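Enquirer: predicted model and sequence below, questions to follow.
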There are 2 protein chains.
Amino acid sequence: MDPRIREHAEIIVDHSTDIEAGDNVIVYLPGNAEDLGVALHELIGQKGANPVFLTYSERADRAFLRNSEAFETPDHELALYENADATIIARSGPNPSEKADVDPETTAAYTRAHDPVKKARLDTTWCVTQHPNPGDAQLAGMSTEAYEAFVYDAVSLDWEAQRKFQSTLVDVLDDASEVRIRAGEETDVTMSIEGNTAANDYGEANLPGGEVFTAPVRNSVEGEVYFDLPLYRQGREVQDARVTFEAGKVVEFSAGRNEDVLAGVFDTDEHARYLGELGIGMNDAIDRFTYNMLFDEKMGETVHMAVGSAYPQCVGEGNAVNNSAEHVDMILDMSEDSVIEVDGEVVQKNGEFRFE
Amino acid sequence: MDPRIREHAEIIVDHSTDIEAGDNVIVYLPGNAEDLGVALHELIGQKGANPVFLTYSERADRAFLRNSEAFETPDHELALYENADATIIARSGPNPSEKADVDPETTAAYTRAHDPVKKARLDTTWCVTQHPNPGDAQLAGMSTEAYEAFVYDAVSLDWEAQRKFQSTLVDVLDDASEVRIRAGEETDVTMSIEGNTAANDYGEANLPGGEVFTAPVRNSVEGEVYFDLPLYRQGREVQDARVTFEAGKVVEFSAGRNEDVLAGVFDTDEHARYLGELGIGMNDAIDRFTYNMLFDEKMGETVHMAVGSAYPQCVGEGNAVNNSAEHVDMILDMSEDSVIEVDGEVVQKNGEFRFE
């Protein structure tokens, strides 16, 4: 077995989920991640914890979804998660387009029926990570070997050092009232974060981690953003999205390709046109876009903004939590001709933080 | 996908487990049985039932067992089964010797801790079947293609016709007091089945099915048996086992190879030297020994006897249920120079039933 798989498993078990004796653990991997499953079971055994090994198959999911007419919440799956302490999920698909011919309404109905299961899973200590495979390498336009190196570099940061590095930005944001982001000719947007708090993602629930994120005050976002990195959604790539905010709301938008996908997002519900998240990517091992949001949003020298639901833990008392069925991240490159200003002071310029 | 996989899935869902709308189903397959998983999910979707997809990996099991010092009953796995209606399990290992270097005492401790989970699983409608693979073909000494044909032939009997055929023998045994089995020079054994009942296995909990089985009255077994087919246990093959019963108990035994394995079985506990089961194989599609008890015990023109625990549903009121931690099946060929007599009448001669 590739020794990096055991190192990855150690980070998951020791750092991300901190598995302890007696913990009821769910290991949830696709079939092609068996090696990672073996490494995780070694460590879970050593910890004295109790694993249940769930699998997912995009092919089986597709078969189920295309043949079902209605969905209900599965009591047995709910009971499993309600009695679990930790959930380890690795994504790894031989074909990321496997569900391209599943009706999005079917997927939405399934997601609604499964919402109690998802909530119970989020009540455990959970970690979502990636097991490298040829399909995701293909999506990234990389060789399998180069993609493996990319994944293992990204998940193997010195997470304690990363936590400290990021905590400086968290402190800056927690004391601040206003963030302004300028990039190139087309991006200049200002938002209030007054009363809201920033979160430090250093490889726990997401592995890789490597971002600091907060929630804008809902009606405060003003200005224009050119998201120069693509948005990949349900197998379709939105390119060159341009968005104008007034009083927090998207009032104008365009895209160079697949603009209708963007329109579908914004029209989902009342608050899908408001920002739920401002995130700042700080994982410098992630140096390229791979069409995988688990990585892309953590990429160093980028900023992302998500329309739709906000993370409640970031929203201070008295501020509204933006609720929406959507949470769609869009990313812009900050490596050149770009500035993040907090309360009028430059915090990052051309991708470099002032505290670096 | 091989069309036989979809046919196999239909038999499992329609015949073996009779999945209905709203059923909470557990699909429990190893990674190499993904095609069967896809076919099952299609059908479970069509039925309007709710699948949870569990997996097992012998490699992960081995890793967990070799690294654990103690085991406890996992509450989350128990809750999963307690809330399930049906469990579909397919065996399929790339290497049936994968756990050859796991300490049997570790496996036993794990099995004890998992006993409540097993009981909850047996309280669902369950089916154990086989997905063909090169490892099991190798164990059987067959090409993968020939093994596939063997498996799909064995699971695809006309199960309603088989049920009827076998029910004739069930009726004979239910009315009877004594069974005598003679084969060759060395086998002549008599046992009472007075008050006990026979069960008809036609492909429900076991797929393939194809046997009729009952429980001998515990102290009634007298005589000698030469089990001319091998017994494969924890990776070791016991050949040419010869056993003498007096007042139900094994009083003498020998084996041509690995006799110590047999000794270990008999010395497990007080009732491991008594027969718990008499079974008569009636699946004529199973025409060869493949070192897989799911198939071997159903083989046409064979009889098997299991020392150890009896099936309570076969034991009539007033008769003792033989309880033991063991249930070890041993098989003898009845195709030549052999007779099954029930209350003095020949029911089968040289493998042919009088009602065929």
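Expert: Perfect, I can see it now.

Enquirer: show the end-to-end separation of stretch A:242-260, please.
Expert: End-to-end distance for stretch A:242-260, by C-alpha to C-alpha, to the nearest Å: 13 Å.

Enquirer: what's in contact with it?
Expert: By C-beta atoms under 8 Å, 6 or more residues apart in numbering or on different chains, the residues outside stretch A:242-260 that reach it are A:186, A:189, A:216-227, A:236-241, A:261-263, A:266, A:273-275, A:307, A:330. Glycine gets a C-beta too; all of them are placed from N, C-alpha and C.

Enquirer: for chain B, what's the nearest residue on the stretch 251-356 of chain A?
Expert: Closest to chain B within the stretch 251-356 of chain A is residue A:294: 21.6 Å, counting by C-beta to the nearest C-beta.

Enquirer: out of the contacts of stretch A:242-260, which sit inside helices?
Expert: Among those, the members falling in helices (DSSP state H) are A:261-263, A:266.

Enquirer: SS state for residue A:126?
Expert: Three-state assignment for residue A:126 (DSSP: H, G, I helix; E, B strand; the rest coil): strand.

Enquirer: average pLDDT for the helix or strand containing residue A:250?
Expert: According to DSSP states H and E, residue A:250 maps onto strand A:249-254. Strand A:249-254 shows a mean pLDDT of 97.

Enquirer: count of neighbours near the residue lying closest to residue A:96 once chain neighbours are set aside?
Expert: Once flanking residues are discounted, residue A:96 sits nearest to residue A:139: 5.0 Å by C-beta to C-beta, 6 or more residues apart in numbering or on different chains. Residues near residue A:139, counting by other C-beta atoms under 10 Å in any protein chain shown, number 17.

Enquirer: residue A:100: what secondary structure?
Expert: Under three-state DSSP, residue A:100 falls in the coil class.

Enquirer: ok, it touching residue A:235?
Expert: Yes: counting by C-beta atoms under 8 Å, residue A:100 does reach residue A:235; the two are 4.5 Å apart.

Enquirer: OK, contacts around residue A:184?
Expert: Residue A:184 neighbours (C-beta under 8 Å, 6+ apart): A:226, A:228, A:336-338.

Enquirer: now stretch A:180-200: buried residues?
Expert: Neighbour counts over stretch A:180-200 (16 or more other C-beta atoms under 10 Å in any protein chain shown) mark A:180-183, A:187-193, A:196, A:198-200 as buried.

Enquirer: about what we covered before: so the residue nearest to residue A:96 sits in a helix?
Expert: Yes: per three-state DSSP, residue A:139 lies within a helix segment.

Enquirer: show me what contacts it?
Expert: In this structure, residue A:139 makes contact with A:96, A:290-292, judged by C-beta under 8 Å, 6+ apart.

Enquirer: just checking, which helix or strand of chain A averages the lowest pLDDT?
Expert: The weakest-scoring helix or strand in chain A, judged by mean pLDDT, DSSP states H and E, is strand A:231-233 (a mean of 86).

Enquirer: pairing partners for that strand, with directions?
Expert: Here strand A:231-233 is paired, per DSSP bridges, with strand A:236-238 (antiparallel).

Enquirer: and the partner strand, how far out from the chain middle?
Expert: 17 Å (C-alpha atoms, centre = their mean, to the nearest Å).

Enquirer: got a list of contacts for it?
Expert: Counting by C-beta under 8 Å, 6+ apart, A:230-232, A:255, A:257-259, A:261-262, A:291 sit against strand A:236-238.

Enquirer: minimum pLDDT in these, which residue is that?
Expert: Note: of those, the lowest pLDDT belongs to residue A:232, at 85.

Enquirer: name the residues of stretch A:236-244 that are buried.
Expert: A:238, A:240-243.

Enquirer: off-centre distance for that stretch?
Expert: Centroid separation for stretch A:236-244 versus its chain: 18 Å, with C-alpha atoms, centre = their mean.

Enquirer: ok, stretch A:146-164 next?
Expert: Per C-alpha atoms, centre = their mean, the centroid offset for stretch A:146-164 relative to its chain is 16 Å.

Enquirer: quote the end-to-end distance of that stretch.
Expert: End-to-end for stretch A:146-164, by C-alpha to C-alpha: 29 Å.

Enquirer: what's the answer for stretch A:251-266, then?
Expert: Start-to-end span of stretch A:251-266 (C-alpha to C-alpha) is 10 Å.

Enquirer: which one of the buried residues of stretch A:180-200 sits closest to chain B?
Expert: residue A:199 (27.8 Å).

Enquirer: my guess is the closest one contacts residue A:310. True?
Expert: No: counting by C-beta under 8 Å, residue A:199 does not reach residue A:310; the two are 11.2 Å apart.

Enquirer: need the max-distance pair from the contacts of residue A:139.
Expert: A:96 and A:290 (10.8 Å; C-beta to C-beta).

Enquirer: give me the common contacts of those two.
Expert: Joint contacts of residue A:96 and residue A:290 (C-beta under 8 Å, 6+ apart) are A:136, A:139.

Enquirer: thinking again about what came up before, can you redo the contacts of residue A:139 as a markdown table with secondary structure?
Expert: Below are those laid out as a markdown table (three-state DSSP):
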| residue | secondary structure |
| --- | --- |
| A:96 | coil |
| A:290 | coil |
| A:291 | coil |
| A:292 | coil |
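
Enquirer: dump these into JSON lines; add distance to residue B:44 and neighbour count as well.
Expert: Shown next, in JSON lines, are those (distance: C-beta to C-beta, whole Å; neighbours: other C-beta atoms under 10 Å in any protein chain shown):
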{"residue": "A:96", "distance to residue B:44": "24", "neighbour count": "20"}
{"residue": "A:290", "distance to residue B:44": "34", "neighbour count": "22"}
{"residue": "A:291", "distance to residue B:44": "31", "neighbour count": "17"}
{"residue": "A:292", "distance to residue B:44": "30", "neighbour count": "18"}
